[in-house]
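> Fold the following for me, if possible:
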Amino acid sequence: MLNVKNGVIKMDEKIFKEWIGSYPKAMQRGFHRDGIINVDVFSREKTKILFILKEPNSKKGKYDKYFGYDLREVFGKMGLKKRLDYNIARWTKILCDGVDVGQSFPWDDVAQTKQRVAIINLKKMAGSGSENREELCLYSYKDKDFIKRQISGINPDVIVACGADGIVSRMVWRIINDNILFSNDNEAEYSVRLKGKSVPVFVSYHPSLRLKKQEEDAAAAIVAISKRLRQSARCCT
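This next block holds a predicted model:
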């Protein structure tokens, strides 16, 4: 069930209460809620996009300013004003509108565009600023039932698994299918079943890119995904 307060999604807090309660008390303060940024806006989107990231960033696990914050509030109201925000907004425009705004996108428009999507991390506890792949996999597999419930509750039409190394994509496969093996011919693109529908999962770059060349390569990959989605939609009409 979804509840709205001040235009920001308040997903049924029962799942988060259970989820946080599954961690030792000493760790509970550092749990980061996430999900649909703005339920009113999200519900009106023809194509509902879910971006799945690895973990909240931090400095030595303390996440400084936003330690333990609800990331729906951070992304939806405050905005980090980092490349992550910018690239997610740019990719959203490509996927939802078929328009690539390039490198000239005002921050006010970035903030508004992010309202249109859902963003979650597989690992809800802040990392150390550099990825520990084993830790990411252990946390997300431990939490697989909660993550599956969260993704199902969001009920996306398209999932973008962020990280060119494919680790997020493989973990999503294992979580949704409850299968430790990644038995798929194309690791960069596959489908999962959610609420009786087939949902495509695409691997992309992580949005925290800093080099313009990487950002352009990432945008080009998202454009290619957008074209495939539109072709598929035409085939189904």
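> Would you mind listing the buried residues in the lengthiest strand in the chain?
What stands out as the longest strand in the chain, according to DSSP state E, is strand 197-204. Across strand 197-204, burial judged by 16 or more other C-beta atoms under 10 Å covers 199, 200, 201, 202, 203, 204. Placement of C-beta: from N, CA and C, glycine included.
> Show me the beta-bridge partners of the fifth one.
Going by DSSP bridges, residue 203 is paired in beta bridges with residue 161.
> wouldn't it be in contact with residue 169 here?
Yes. At 4.7 Å, residue 203 counts as touching residue 169 under the criterion of C-beta atoms under 8 Å.
> what distance separates the helix or strand where residue 52 lies from the centre of its chain?
In this structure, residue 52 sits in strand 49-53 according to DSSP states H and E. In terms of C-alpha atoms, centre = their mean, to the nearest Å, the centre of strand 49-53 is set 2 Å apart from its chain centre.
> on that earlier part again, tabulate the buried residues of strand 197-204 (JSON lines), appending distance to residue 44 and pLDDT.
What follows is the buried residues of strand 197-204, written out as JSON lines (distance: C-beta to C-beta, whole Å; pLDDT from 0 to 100):
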{"residue": "199", "distance to residue 44": "19", "pLDDT": "94"}
{"residue": "200", "distance to residue 44": "21", "pLDDT": "94"}
{"residue": "201", "distance to residue 44": "23", "pLDDT": "95"}
{"residue": "202", "distance to residue 44": "23", "pLDDT": "94"}
{"residue": "203", "distance to residue 44": "27", "pLDDT": "93"}
{"residue": "204", "distance to residue 44": "24", "pLDDT": "92"}
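> got TSV for those, with distance to residue 13 too?
TSV is the format used below for these (distance: C-beta to C-beta, whole Å):
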residue	distance to residue 13
199	25
200	30
201	27
202	30
203	31
204	30
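> Summarise which helices and strands the longest helix seen in the chain is packed against.
The longest helix of the chain (DSSP state H) is helix 212-236. Here helix 212-236 touches helix 83-97, strand 158-162, strand 197-204, going by 3 or more C-beta pairs under 8 Å, 6 or more residues apart in numbering; DSSP states H and E.
> Where do the helices of this protein begin and end?
With DSSP H as the criterion, the chain has helices spanning 13-21, 25-28, 39-44, 71-73, 83-97, 107-114, 133-142, 144-154, 167-177, 212-236.
> in the last one, what's buried?
When burial is assessed from 16+ other C-beta under 10 Å, helix 212-236 yields the following buried residues: 215, 218, 219, 221, 222, 223, 225, 226, 229.
> Over to the first one?
Judged by neighbour count (16+ other C-beta under 10 Å), helix 13-21 contains these buried residues: 15, 16, 19, 20.
> Which other helices and strands does it contact?
Helices and strands touching helix 13-21, by 3+ C-beta pairs under 8 Å, 6+ apart, are helix 144-154.
> what sits against the closest residue in space to residue 225 that isn't next to it in sequence?
Excluding the flanking residues, the one nearest residue 225 by C-beta to C-beta, 6 or more residues apart in numbering is residue 202, at 5.0 Å. Taking C-beta atoms under 8 Å, 6 or more residues apart in numbering, we find residue 202 in contact with 158, 159, 160, 161, 188, 189, 225.
> Tell me the one of those residues nearest residue 76?
Closest approach between the contacts of residue 202 and residue 76, by C-beta to C-beta: residue 160, at 18.1 Å.
> Give me the below-cutoff pLDDT ranges for the protein.
Across the chain, the ranges flagged by pLDDT under 70 are 1-12, 58-65, 78-80, 127-131, 179-187, 233-237.
> Can you report how many residues neighbour residue 159?
Close neighbours of residue 159, defined as other C-beta atoms under 10 Å, add up to 27.
> Go ahead and confirm it touches residue 189.
No. Applying C-beta under 8 Å, one finds residue 159 not in contact with residue 189, separated by 10.7 Å.
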